[in-house]
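> need a structure here:
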Amino acid sequence: MPETKHLRFNAFNMAAPSHNWAGLWTHPRDTSANYNTLDYWVDFARTAERGLLDGIFLADVFGVYDVYGGSADTAIEAGAQLPNSDPTLIVPTMAHVTKHLGFGVTSNLTYEHPYQFARRFSMLDHLTGGRVGWNIVTGYLESGARGMGHARNRLHDDRYEAGEDFLTAAYKLWEGSWEDDAARRDRAAKVFADPAKVHRVTHDGPYYKVDGIHLAEPSPQRTPVLFQAGTSKRGQSFAARHAEAIFVNGQTKPILANAVRNIRQAATSFGRAPHDILVFAGATVIVAPTRAEAKDLHAEYRRYVDVAGQLALVSGWTGIDFSTFDPDEAVKYVKSNAIQSMVENLTVHSDQPIKVRDLATLDWIGARSPFIVGSPQDVADELIGWARDADLDGYNLFRLVVPESLNAFVDLVVPELQSRGAFKTEYAEGTLREKLFPGRAARLHHTHPGAAYRHHGAAEISGAGHVRKL
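Residues are numbered from 1 along each chain as shown. Predicted coordinates for the structure are as follows:
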């Protein structure tokens, strides 16, 4: 990757006391315990936009982390992604105090219905002026399934099959129900919308059924920018077909490079160009004016990681109860109904045995992704190097100490990247999709499967997904 290519960055956060690192909320300079206040999110958004970041990527999880020790007690004590809030609720507030910042919102489709979900994201797209994206997840916690009244979660691959069905129905609603000029707002004629240009959608799929008119008029992007994080074999196929941006993890360059290569190759099998998909890796960055200061800061942060709370998170992510392991025992591969790609990265793809204690250490193994500590020059070198060697487009910056860590990145790393021509110096105009894909329209690219459901004249979107002329 030439250094003149602009890297892209999202600030990665979650509406919970702890996100990727349990316990850091106890750091005396951290404000994450205020996750349920508007001021916390307003400040975070303003900092991200001050740094010209592409967006805020909001994680979410449905359920509690109760695999560790067979109980949620450890996660509750540590504030390990519990309590948490629906991230869609905080986006409009952040959008109101920013002009360009995008918002990638994680929402679990398994416990949604396309009819209600499509309306919610259309409205978010309206309220943000076309700056919203959807991180498509299907859920991995059995506790979430039980909470919703199900005996157990769907099997791993079945979740993606349901996702295919959900997206087909959502595409029909977003792309095909309302024509572009249907909402006339004609006061003199007393016509808000032209009924001839608003169309009924039917969908009769194996998991979801729809028979109705989309409840929202067309938003700036219609379909939100689609993010996805699947890197298992089935997940890669799903992401290569639907995602416009993919979030990957991997603690070494070969792991990341292989995942990116597989995704780009899979995209071509669906008639898409390899780089139609942007790939973001997770990254933990600890930066200070000098390398020595950054190392001291790293040592300081490490002291606040809650080991049991972190193992509770990893147990939930992998489906493996690490409370039954000796800390010096190596992690072994097991077939999981949780996040399969994470289990594979920690075992079969790792170039060395990973011990259980490593999983709760604030370091490159525990991070499961690029882990960078140093001066602004060191960090810029590493970010550019990982992107070049693994064919990455950018990074999701893991939350550490808020607001300190994001402020440091904005004040120290951004200017260094700009001086090398590796980061933008101003925002482009347009929607999130137009910013992420310069030269593209605000709406889905014609090679994307969702574009097939666009309305072309007076028509009804049929259950088979074809546009049928009336």
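
> All the strands of the stretch 251-400 of the chain, in order from the start?
Per DSSP state E, counting those that start in this stretch, the stretch 251-400 of the chain has strands spanning 278-287, 371-374, 394-397. These are given in chain order.

> Go through those and pick out the most buried.
The highest mean neighbour count among these, using mean count of other C-beta atoms under 10 Å, belongs to strand 394-397: a mean of 26. Where C-beta positions appear, they are placed from N, C-alpha and C, glycine not excepted.

> May I have the strands that pair with that one, each with its orientation?
In the sheet, strand 394-397 lines up against strand 8-14 (parallel), strand 278-287 (parallel) (DSSP bridges).

> show me the residues around the spatially most central residue of the chain that make contact.
Averaging the C-alpha coordinates of the chain gives a centre point, and the residue nearest to it by C-alpha atoms, centre = their mean is residue 135 (4.4 Å). Taking C-beta atoms under 8 Å, 6 or more residues apart in numbering as the contact definition, residue 135 lies against 57, 58, 59, 104, 105, 106, 107, 227, 228, 229, 247.

> Equivalent analysis for residue 30, please.
24, 401, 402, 404.

> got any ranges where the stretch 201-350 of the chain has weak pLDDT?
Across the stretch 201-350 of the chain, the stretches falling below the confidence threshold (pLDDT under 70) are 230-231, 337-340, 345, 348.

> Do you have the helices of it handy? List them.
Assigned by DSSP state H, counting those that start in this stretch, the helices in the stretch 201-350 of the chain fall at 233-242, 253-268, 291-302, 307-318, 340-346.

> Name the residues of the second one that come out as buried.
Put plainly, it is helix 253-268. Burial within helix 253-268, assessed by neighbour count using 16 or more other C-beta atoms under 10 Å, is assigned to 253, 255, 256, 257, 259, 260, 262, 263, 264, 266, 267.

> The nearest residue to residue 144 once chain neighbours are set aside: what secondary structure?
Counting by C-beta to C-beta, 6 or more residues apart in numbering, residue 63 is the residue found nearest to residue 144 once chain neighbours are left out, at 2.8 Å. Under DSSP: H, G, I helix; E, B strand; the rest coil, residue 63 falls in the coil class.

> quick one: residue 63 and residue 320, what's the gap?
Using C-beta to C-beta, to the nearest Å, residue 63 is found at 16 Å from residue 320.

> same thing with residue 149?
Applying C-beta to C-beta, the value for residue 149 to residue 320 is 26 Å.

> Between these two, point out the one with more neighbours.
When residue 149 is set against residue 320 and neighbours are counted by other C-beta atoms under 10 Å, the residue ahead is residue 320, at 25 against 7.

> Identify the bridge partners of residue 191.
residue 186.

> if we can go back for a sec, what's near enough to touch the residue nearest to residue 144?
With contacts taken as C-beta under 8 Å, 6+ apart, residue 63 has the following neighbours: 139, 141, 142, 143, 144, 145, 146, 147.

> Most neighbours among those, which one?
So for the contacts of residue 63 (other C-beta under 10 Å), the most neighbours sit at residue 141, 22 neighbours.

> quick one: pLDDT of that one?
You'll see residue 141 listed with a pLDDT of 88.

> got a list of what it touches?
Neighbours of residue 141 in contact, by C-beta under 8 Å, 6+ apart: 61, 62, 63, 64, 65, 153, 316, 338.

> And for residue 68?
Residue 68 is in contact with 74, 75, 308, 311, 312, 315, 316, 321, 322, 323, counting by C-beta under 8 Å, 6+ apart.

> could I get those residues as a markdown table with distance to residue 273 and neighbour count?
Conversion of those to a markdown table gives the following (distance: C-beta to C-beta, whole Å; neighbours: other C-beta atoms under 10 Å):
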| residue | distance to residue 273 | neighbour count |
| --- | --- | --- |
| 74 | 45 | 22 |
| 75 | 42 | 28 |
| 308 | 46 | 19 |
| 311 | 41 | 29 |
| 312 | 41 | 34 |
| 315 | 39 | 25 |
| 316 | 36 | 27 |
| 321 | 43 | 16 |
| 322 | 41 | 22 |
| 323 | 46 | 16 |
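
> I'd like these laid out as a markdown table, including distance to residue 242.
Supplementary listing: the contacts of residue 68 in a markdown table, determined by distance: C-beta to C-beta, whole Å:
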| residue | distance to residue 242 |
| --- | --- |
| 74 | 35 |
| 75 | 31 |
| 308 | 37 |
| 311 | 33 |
| 312 | 31 |
| 315 | 29 |
| 316 | 25 |
| 321 | 33 |
| 322 | 33 |
| 323 | 36 |
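
> wait, which of these is closest to residue 157?
For residue 157, the nearest member of the contacts of residue 68 is residue 316. The distance, counting by C-beta to C-beta, is 19.7 Å.

> I'd say the closest one and residue 71 touch.
No: taking C-beta atoms under 8 Å as the contact criterion, residue 316 and residue 71 are not neighbours in contact, 11.9 Å apart.

> shared neighbours, those two?
Counting by C-beta under 8 Å, 6+ apart, nothing touches both residue 316 and residue 71.

> got the contact list for residue 424?
For residue 424, the set of contacting residues under the criterion of C-beta under 8 Å, 6+ apart consists of 6, 52, 418.

> what helix or strand does it sit in?
Counting by DSSP states H and E, no helix or strand carries residue 424.

> what do you get for the one 5 residues further on?
With secondary structure defined by DSSP H and E, residue 429 is part of neither a helix nor a strand.

> ok, it - how many residues close by?
For residue 429, the tally of surrounding residues (other C-beta under 10 Å) stands at 9.

> roughly how far apart are it and residue 131?
12 Å.

> what does residue 283 give?
Remark: distance between residue 283 and residue 131 (C-beta to C-beta) = 22 Å.

> Repeat that for residue 355.
For residue 355, the distance to residue 131 under the criterion C-beta to C-beta works out to 42 Å.

> With neighbour numbers in mind, choose between the two.
For the pair residue 355 and residue 131, the greater number of neighbours falls to residue 131 (28 against 16), based on other C-beta under 10 Å.

> how close does the nearest residue to residue 180 once chain neighbours are set aside sit to residue 121?
Excluding its sequence neighbours, the residue lying closest to residue 180 (C-beta to C-beta, 6+ apart) is residue 218, at 6.1 Å. For residue 218, the distance to residue 121 under the criterion C-beta to C-beta works out to 12 Å.
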